[in-house]
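Visitor: Predicted structure and sequence below. I'll ask about it afterward.
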Amino acid sequence: MSDHSRASNKRRRLPDGSFEDSETAREIGKEEMSFELLKSYRDLTAEVVKNRVELARDGDIGLALNRIGDINMLFDKITNVDSNKTPLLAQDARLALGISQLAELGAQKLKIDDSGKSLSVEDFINSAKRYMLRDHDVVATAESQEEDQETGHQESGDVPFSELQKLRAREEGRKYLQQFAQYQNFFQFDWFKMGTLFQVTSKAAVTTDHMLGPFGVEKRPRNVAQRQQRDVVGRASQAKKLSEMASDDQGQSTLHQTVRCFDVLRTRKGFESVNLFEFVLHPTSFGKSVENLFYTGFLIKDGKIVLEEGADGFPTIRLKEMLPRDQMEIERQRRNDAKHNHLIFQLDHATWRKLVQELNIQQPFIADD
């Protein structure tokens, strides 16, 4: 158990001389721990604000890295808090945002070399020239001078270099590299040496020069395909036949069902009238009712049955009476010359259900097939 836990579990003496119970002490300890964490977050937020100024001036990325470690330590302590964590988590999110902005600023001002300055392009080019120079005598002389300078510094004593001595040594190193700036001829440098160094130290992909040449394969003769003429007329005629066959089948089915409705009416009622809805409506099938109404419309149009109004106000249908022989031909001619109208009935599901209940239709007049 930690010191903080033991301190929070101690019983405290109240002003009246009594001691508080352990549960109250634990609650007070939790509140004190939350308060201390909140205070630590606020102090670290103030430090991040100061670090932004220092980082903008010096460019030390280590400040941002240290603050990331600090906020991780505080967040680990939050997991041990049993009370309300919402204020702590909100403060943690706010601080994490500030540290991320601090790290972004540090990345923009990142220092590369030991002196805290950005890497000079001139120093890099001069170092590359020194590495690739073919004139080994010049390089050897310059390197011997550099070794003499380093030896002189080492002989001055065994005491480690101070910051001033390190800065002076770096300045002398830059002066040493500046003597290679005079070499400008492309062919003075060993570029193969630089390429070998890059090949060894880099993560370049393995070359496949052996696969760059042409393959010794035999040229395949070109096969000229015979283009077949499209038989548009044949396809059109076949599609027309199929549509005509489908239309004939549908017409035969409609004719068959219309004749069946007429036979049912003639067999069950003869020339007596029957309620139109009792004749066409099916008590359990809305689709069958619509079909029967459709076929009945054809019978009325062809003059096979008569549509009338019944005594109760509902429409009724009956077979048209037979005419005498002497008047049959005259009436047939008159009917052929008369204008016929095809009645189209409209029936929705709600009306069908209401009519079935109102007329108490239990069995269909036209039985199922």
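Guide: Nice, thanks for sending it over. Just so it is clear, the model here is predicted, and its values are computed rather than measured. Numbering: from 1, shown residues only.
Visitor: List the buried residues for the helix or strand hosting residue 289?
Guide: Using DSSP states H and E, residue 289 falls within helix 286-301. The neighbour-count check on helix 286-301 (16 or more other C-beta atoms under 10 Å) flags 288-300 as buried. To be clear about C-beta, it is placed using only N, CA and C from the backbone, and glycine gets the same treatment.
Visitor: what's the answer for stretch 171-186, then?
Guide: Residues of stretch 171-186 classed as buried: 176-177, 180, 183 (neighbour count, 16+ other C-beta under 10 Å).
Visitor: rewinding a little: quick one: contacts of the next helix or strand after the helix holding residue 289?
Guide: Once the chain leaves helix 286-301, the next helix or strand it forms, by DSSP H and E, is strand 305-309. Applying C-beta atoms under 8 Å, 6 or more residues apart in numbering, the contact partners of strand 305-309 are 262, 265, 273, 276, 296, 299-300, 315-320, 343.
Visitor: ok, and for strand 305-309, which residues are buried?
Guide: residue 305.
Visitor: Quick one: mean pLDDT over it.
Guide: Mean pLDDT, computed over strand 305-309, is 84.
Visitor: still on that earlier bit, of the contacts of strand 305-309, grab the buried ones for ChimeraX.
Guide: In ChimeraX, this line selects whichever of these come out buried by 16+ other C-beta under 10 Å:
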select :262,265,276,296,299,300,316,317,318,319
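Visitor: can you list the contacts of strand 305-309 in CSV and add secondary structure and pLDDT?
Guide: Output for the contacts of strand 305-309, formatted as CSV (DSSP: H, G, I helix; E, B strand; the rest coil; pLDDT from 0 to 100):
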residue, secondary structure, pLDDT
262, helix, 86
265, helix, 84
273, coil, 86
276, helix, 84
296, helix, 84
299, helix, 83
300, helix, 82
315, strand, 87
316, strand, 87
317, strand, 86
318, strand, 85
319, strand, 85
320, coil, 80
343, coil, 62
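Visitor: how about the helices in this structure?
Guide: Under the criterion DSSP state H, helices of the chain are mapped to 3-9, 22-58, 62-78, 86-108, 121-132, 136-155, 163-178, 191-201, 232-268, 276-280, 286-301, 325-337, 349-359.
Visitor: remind me which residues of the stretch 251-369 of the chain are low pLDDT?
Guide: 251-252, 322-344, 369 (pLDDT under 70).
Visitor: ok, back up a step: in terms of mean pLDDT, which of the helices of the chain ranks lowest?
Guide: helix 3-9 (a mean of 45).
Visitor: domains of this protein?
Guide: Under the assignment automatic domain parsing, the domains of the chain span 3-108, 121-201, 248-359.
Visitor: and the gap between residue 70 and residue 32?
Guide: 21 Å (C-beta to C-beta, to the nearest Å).
Visitor: For stretch 35-51, list every residue counted as buried.
Guide: Of the residues in stretch 35-51, 37, 40-41, 44-45, 48, 51 count as buried by neighbour count, 16+ other C-beta under 10 Å.
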